[in-house]
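Student: compute the structure for the input listed below.
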Amino acid sequence: MEQQTGQACIICGQEKEEGIVIVSHFICEDCESEMVRTEAEDVKYDFFISRMKKINLRMHA
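Tutor: From the prediction side, this is the model:
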């Protein structure tokens, strides 16, 4: 069995090795890149916002 060394992305939920950490929450490189390119009018924008809110909720829990 292959050992996973990555972290679970809070946006896509996949285990990845490359990305950023914001307040101890990992966002993979792919999701970070897609979020930066997403316009506010895009349907995915609301999805990204809802996933990012998890960071805020966990900070104040």
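
Student: state the distance from Asp46 to Ala40.
Tutor: Look at Asp46 and Ala40: by Cβ to Cβ, to the nearest Å, they are 9 Å apart. All C-beta spots, glycine's among them, are computed from the backbone N, C-alpha and C.

Student: which of those two has more neighbours?
Tutor: Asp46 (11 against 7; other Cβ atoms under 10 Å).

Student: so what's that one up against?
Tutor: Contacts for Asp46 (Cβ atoms under 8 Å, 6 or more residues apart in numbering) come out as none.

Student: which element is it on?
Tutor: Assigned by DSSP states H and E, Asp46 belongs to helix 43-59.

Student: okay, now the unreliable bits of the protein?
Tutor: By pLDDT under 70, the weakly predicted segments of the chain are 1-5, 56-61.

Student: switch the cut-off to 90
Tutor: 1-6, 23-24, 52-61 (pLDDT under 90).

Student: and Cys12, which of the three is it?
Tutor: Following DSSP: H, G, I helix; E, B strand; the rest coil, Cys12 is assigned to coil.

Student: residues near it, how many?
Tutor: Applying other Cβ under 10 Å, we find 14 other residues in the vicinity of Cys12.

Student: wait, it sits on Cys28?
Tutor: Yes. Using Cβ atoms under 8 Å, Cys12 is in contact with Cys28, at 6.5 Å.
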